[in-house]
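Trainee: sequence-free structure coming up:
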């Protein structure tokens, strides 16, 4: 393991890099620290320095991702203007494959759906049901391994496919805790697929 130092809240912590990938780094610190998910840290050794954000940790282990990572651009957009909603068709954003199950619900009706991907614009999901309404806010539950997250999604587009119907939904609201779980889940999947 390579030695590394981490600057956090004005203090330098000593540690080592247990794993390093393009979108994820696991640090093993000499002492445990109190932190909040999403906090910025500066990781450095004698060759480099890099701004990172904390995804998750336990004890003296921390999982961090680069500050500029696309997973930190995934967030709720409840007050989006009409101009911001319509982006040039040539604009591409990195998306992350999910392939997880969940539900969308309104009032007394719940539909089982498969969430296929996510990007900074929101989730893509598939379901064989024409009753999903555009512009409508849905309560959702998404299974991320053993945990669930519960964002509110606004359905923005629909695309008829050969065997299913694909919907696109932006995140209307999500708790900080659920957003942290989602970001960690995405980063962990990237690590597992690498």
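Mentor: The structure has been received and is ready for your questions. All values reported here derive from a predicted model rather than from experimental measurement. Residues are numbered from 1 along each chain as shown.
Trainee: Would you mind measuring from residue 127 to residue 111?
Mentor: Distance of residue 127 to residue 111, computed by CB to CB, to the nearest Å: 6 Å. Quick note: C-beta positions are derived from backbone N, CA and C, even for glycine.
Trainee: Which neighbours do the two have in common?
Mentor: Residues touching both residue 127 and residue 111 by CB atoms under 8 Å, 6 or more residues apart in numbering: residue 104.
Trainee: so what's residue 116 closest to, chain neighbours aside?
Mentor: Closest residue to residue 116 apart from its sequence neighbours, by CB to CB, 6 or more residues apart in numbering: residue 124 at 5.0 Å.
Trainee: show me what contacts that neighbour?
Mentor: 95, 115-118, 166-169.
Trainee: Recalculate using a threshold of 7 Å.
Mentor: 116-117, 166, 168 (CB atoms under 7 Å, 6 or more residues apart in numbering).
Trainee: Can you tell me the SS state at it?
Mentor: Under DSSP: H, G, I helix; E, B strand; the rest coil, the three-state class of residue 124 is strand.
Trainee: Grab the longest helix from the chain for me.
Mentor: With secondary structure taken from DSSP state H, the chain has its longest helix at helix 176-193.
Trainee: Give me the contacts around that helix.
Mentor: Contacts for helix 176-193 (CB under 7 Å, 6+ apart): 21, 23-24, 37-38, 55-56, 63, 65, 71, 74-75, 96, 118, 144-145, 147, 149-151.
Trainee: buried stuff in the helix or strand where residue 103 lies?
Mentor: In the assignment (DSSP states H and E), residue 103 maps to strand 96-106. Neighbour counts using 16 or more other CB atoms under 10 Å place 96, 98, 100, 102-104 of strand 96-106 among the buried residues.
Trainee: so can I have a markdown table of those residues showing pLDDT and distance to residue 33?
Mentor: Shown next, in a markdown table, are those (pLDDT from 0 to 100; distance: CB to CB, whole Å):
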| residue | pLDDT | distance to residue 33 |
| --- | --- | --- |
| 96 | 90 | 28 |
| 98 | 91 | 31 |
| 100 | 95 | 31 |
| 102 | 96 | 33 |
| 103 | 96 | 37 |
| 104 | 96 | 38 |
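Trainee: okay if I get those as TSV plus distance to residue 14?
Mentor: Putting those into TSV (distance: CB to CB, whole Å) gives the following:
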residue	distance to residue 14
96	33
98	36
100	37
102	41
103	45
104	47
